[in-house]
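**Student:** model this:
(2 chains)
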Amino acid sequence: MEVLERKPSTYDILRAHGVDRRTFLKFCTQSAAAIGLTSAMVPQLVAAMEKKPRIPVIWLHGLECTCCSESFIRSSHPIAQDIVLNLISLDYDDTLQAAAGFQVEEIRKKVMKDYKGEYILAVEGNAATNDNGVYCTIGGESFTNILLETAKDAKAIVAWGSCASNGCVQAAKPNPTGAKPVYKLITDKPVINVPGCPPIAEVMTGVLTYLLTFGELPELDRQGRPKMFYAQRIHDKCYRRAFFDAGMFVEAWDDEGAKKGWCLYKMGCRGPSTFNSCSTTKWNCGVSFPIQSGHGCIGCSEENFWDNGPFYQRLSNIPVPGIESTPDSIGKTLTVLSAAGIGAHLVSVVARKGVRNLTSNPEPEKSEPAENQNPENRGN
Amino acid sequence: MLDDKGVVKDAISSGTMWRGIEVILQGRDPRDAWAFVERICGVCTTVHALASVRAVENAVGIQVPKNADIIRNIMFLTQYVQDHVIHFYHLHALDWVDVVSALKANPAATAALAQKVSPSWPTTSPGYFADIQNTVKKFVDSGQLGIFQNAYWGHPAYKLPPEANLMAVAHYLEALQWQKEIVKIHAVFGGKNPHPNYLVGGVPVSINLNGDNAINMERLNMVHDLIVQAQGIVENLYVPDLLAIASFYPEWTKIGAGLGNYMSYGDVPQNGIGDPSKFLIPRGVILNKNLGEVLPIDHTSASEIQEQVAHSWYDYPGGTKALHPWDGITKPNYTGPKPPYQNLDENGAYSWVKAPRWKGHAMEVGPLARMLVGFASGRSDYKEVVTEALGRLKVGPEALFSTLGRTAARGLETRLAAKWLLDEYNKLIANLKAGDSSTANTTKWAPETWPEDCKGFGPSEAPRGALCHWIHIKDKKIFNYQVVVPSTWNASPKDGDGQKGAYESALLGTPMADSNKPVELMRTIHSFDPCLACATHVLSPEGEELAKVVVR
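**Tutor:** Residues are numbered from 1 along each chain as shown, chains lettered A, B, ... in the order given. Modelled structure (predicted):
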């Protein structure tokens, strides 16, 4: 097979995508910081990036269901083919790889050596930490060790989906395997969390192409999520929000309100406590999203969402009062806090509207906090 | 393990991942279970959710409205068509297609071949194939082969001429673009894909032909067009490519048969899930390749479907050999070597997969099992597609019992699924015309309406084979939840009597050209469409390790 002498470098590819040299240098500086290099080493990195070919990506699979990979290949802009053939070099992905077995493991080791500090590590799934990681082994090695080993010299780490970002279903109580998300195991470099079960296809490809097009890491919130997709709650951008504000709710599946597309809050919708772009970007090339197809949001991008159920119990019944937070100041209690916030919000809306002009019966819930502690709604 | 002629004489299959979802479900609201179990698999997304809502409905006694059954059928068949096409082109084709050989193809000759194989397909011009070839060339020349590196290109087991390889590569890319379209049907009815939403009692989406905020004419038109498009892909690309590729590998109709026991639970109900006699995919068991008899299945019988753990990393209480899923226990007990390890001891426990058995028999499940049960049940639609394909490949029905038979069965089944998709759509329209727009039965939505103690089962036929969930509800909560998935049957380790599972058995007798590059083993394992990580180690007659294959 003939091989050209000079391969297109990362710089060539960024240039072809309209990135100027100044932005490229900025990208290199940030990348250097991301992998803990001192500023004196930036010129070396710049030189490397100018010469080196497409950015190699190692895509690992731990405890997961492969829904993230499936979502990724659903991307409509750009399509997966363009990413895999033109934008990155997907050098290791044991699901999509043509080869198998030790030939694949060889590739991983080779990429780690040849592209030390330059490859992107994409992680789908998480690691079992109980019992020496025996709940997930690949070729006899525990996934936990493979993850730690591969992360060591990665330029950046992208945690795909809720498994890698926050634990997801196998970390739900009682978490029998001791499943832990990536950020709890790798603390010495930034992890870009792209939660969701799975994340929206165009969100996944959007994060990757942002890295390559603008030559910098996207702005992240305190949970490591790109603000461009996770800064606002689904509820705040929901096209059914007007029905919430008007107190028009679905009261039972397939009732009159359901047929008219009213608000699903009373059916347990987690839109009010879920930071994601489902109601704007939508799914499968913008065809729909859960609420548009009649089911409430289950909050699949939020930490511990499996244990904040039952799913069909409305949020206000979660009995922890508190003050609503912004995505930048949250911790694990996000859902609970904003849940209380939304209960308060509903009370304020109902109180404000006073008389109902609807067939439904959205009376204020007795279990909801009486006073409005949500700063966002104080002006109501 | 190989003999001295390079033929596989022993094989073990090990599942090396366990997440404990059955344990996690205990004590939760049964109506939430579908969402948890849907995450068992994101590739065959939807099927576990469907089995779960059926199990809960069976336990508490809910009959879903006709439209809900039809919409579930449409989502189910959409999954079949999408999943089977992806499996063929993106997970299995590269076992038969040599991507690098495509560079040597003559684009004009490729166009002639494509026009002969798929006369009604638009993209068959020499210029189109020259473009595809250039894309591949540029990619290969970059020296960064990505997911295609270190594969077995140039291996003597690849038999296709360069033109057929180029055509297959072009269709690999076309199918990759198309698969994101068909799943829009799931987005319409379930809000998203992967992992669309389901609902105990029906489907969450409502129908309102006089509104724009539920299923209306625009949404129905989208579904209709996607179905027609899918039929085009199946009839013009998938099935012609499958038969064309198969014709170059006749020896694979004699390799990889395996157990010879086949089982299908059946699906696509026409009169509710409780009436298997009206299923489009029939239910039944075939033993010892005997197509003269189809045996019935009773999911509730304590002595029919059972799981064993003799070679699995689980504990059963003192001396218990096998348990029906309603009494099933999931208590992990890892006794294997501490990682990193080289080999597992096949005399002890060696897998996270339990060993399910039907009346004590190890069974193969999946498209081949379904085609054989349909064929043996005398169904004319099954007989028609099978007979036509056998005629075109000039082989007899015995060719079905093989690796290639398994791969071909998946394609033939997809023809039926694509046809049924349109039939189900038309049924939905007919039902709406008759004035029925109901999509959910909420009379038993509230747990207060349920019995204090009840059990249910939810059977389905996932793309990979027979699937059933068993639930025991006590005090409105999940008391026990057991899932026996298709790959539990196919990837089963040995049972207490030393009977091998389907993969283990199918690998026996496989000749290998190069024990370091086990493409032949990949063909057989991939022909089952495995849905979990399983490792195959290739050992020499002396027990020396020659290769290790990890398949997902």
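**Student:** which helix or strand contains B:Cys468?
**Tutor:** Applying DSSP states H and E as the criterion places B:Cys468 in strand B:465-474.
**Student:** and the next helix or strand after that strand, how far out from the chain's middle?
**Tutor:** Sequence order places strand B:477-484 as the next helix or strand after strand B:465-474, per DSSP H and E. Distance, stretch centre to chain centre, for strand B:477-484: 23 Å (CA atoms, centre = their mean, to the nearest Å).
**Student:** tell me the angle strand B:477-484 makes with strand B:465-474.
**Tutor:** Here strand B:477-484 runs at an angle of 160 degrees relative to strand B:465-474 (axes from the mean of the first three to the mean of the last three CA atoms, to 10 degrees).
**Student:** now do the buried residues in strand B:477-484.
**Tutor:** By 16 or more other CB atoms under 10 Å in any protein chain shown, the buried positions in strand B:477-484 come out as B:Ile478, B:Phe479, B:Asn480, B:Tyr481, B:Gln482, B:Val483, B:Val484. Quick note: C-beta positions are derived from backbone N, CA and C, even for glycine.
**Student:** skipping adjacent residues, who's closest to A:Gly62 in space?
**Tutor:** Distances taken as CB to CB, 6 or more residues apart in numbering or on different chains put A:Gly125 closest to A:Gly62, at 3.4 Å, once the chain neighbours are dropped.
**Student:** so how far is B:Pro282 from the closest residue to B:Phe279 other than its chain neighbours?
**Tutor:** Sequence neighbours aside, B:Gly266 is the residue nearest to B:Phe279 in space, at 4.1 Å (criterion: CB to CB, 6+ apart). Applying CB to CB, to the nearest Å, the value for B:Gly266 to B:Pro282 is 5 Å.
**Student:** please enumerate the strands of chain B.
**Tutor:** B:14-15, B:262-264, B:284-286, B:305-308, B:322-323, B:355-358, B:364-365, B:453-462, B:465-474, B:477-484, B:534-539, B:545-551 (DSSP state E).
**Student:** can you say which of these is nearest to chain A?
**Tutor:** strand B:545-551 (3.9 Å; CB to the nearest CB).
**Student:** show me what residue of the stretch 201-350 of chain B gets nearest to chain A.
**Tutor:** B:Asn213 (2.5 Å).
**Student:** in this structure that residue contacts A:Gly257, no?
**Tutor:** No: counting by CB atoms under 8 Å, B:Asn213 stays clear of A:Gly257, with 10.1 Å between them.
**Student:** helix, strand or coil for A:Ala98?
**Tutor:** Applying DSSP: H, G, I helix; E, B strand; the rest coil to A:Ala98 yields a three-state assignment of coil.
**Student:** any weak-confidence spans in chain A?
**Tutor:** The model of chain A has pLDDT under 70 over residues A:1-52, A:101, A:316-380.
**Student:** mind listing the helices for the stretch 151-300 of chain B?
**Tutor:** Assigned by DSSP state H, counting those that start in this stretch, the helices in the stretch 151-300 of chain B fall at B:162-182, B:184-190, B:217-233, B:239-246.
**Student:** then the stretch 1-150 of chain A?
**Tutor:** A:10-16, A:21-34, A:42-51, A:67-72, A:80-82, A:102-114, A:143-151.
**Student:** so for the fifth one, what gets flagged as buried?
**Tutor:** What that stands for is helix A:80-82. Those buried within helix A:80-82 under the rule 16+ other CB under 10 Å are A:Ala80, A:Gln81.
**Student:** what sits against residue 313?
**Tutor:** Assuming you mean chain A. A:Gly268 (CB atoms under 8 Å, 6 or more residues apart in numbering or on different chains).
**Student:** hmm, I had chain B in mind actually
**Tutor:** With CB under 8 Å, 6+ apart, B:Trp313 has these contacts: A:Val134, B:Trp18, B:Pro332, B:Asn333, B:Tyr334, B:Thr335, B:Gly336, B:Ala349, B:Ser351, B:Trp352.
**Student:** hmm, try it at 7 Å
**Tutor:** B:Pro332, B:Asn333, B:Tyr334, B:Thr335, B:Gly336, B:Ala349, B:Ser351, B:Trp352 (CB atoms under 7 Å, 6 or more residues apart in numbering or on different chains).
**Student:** re the thing from before, out of the strands of chain B, which comes closest to A:Pro53?
**Tutor:** strand B:545-551 (26.9 Å; CB to CB).
**Student:** got the buried residues for stretch B:17-26?
**Tutor:** The neighbour-count check on stretch B:17-26 (16+ other CB under 10 Å) flags B:Met17, B:Trp18, B:Arg19, B:Gly20, B:Ile21, B:Glu22, B:Val23, B:Ile24, B:Leu25 as buried.
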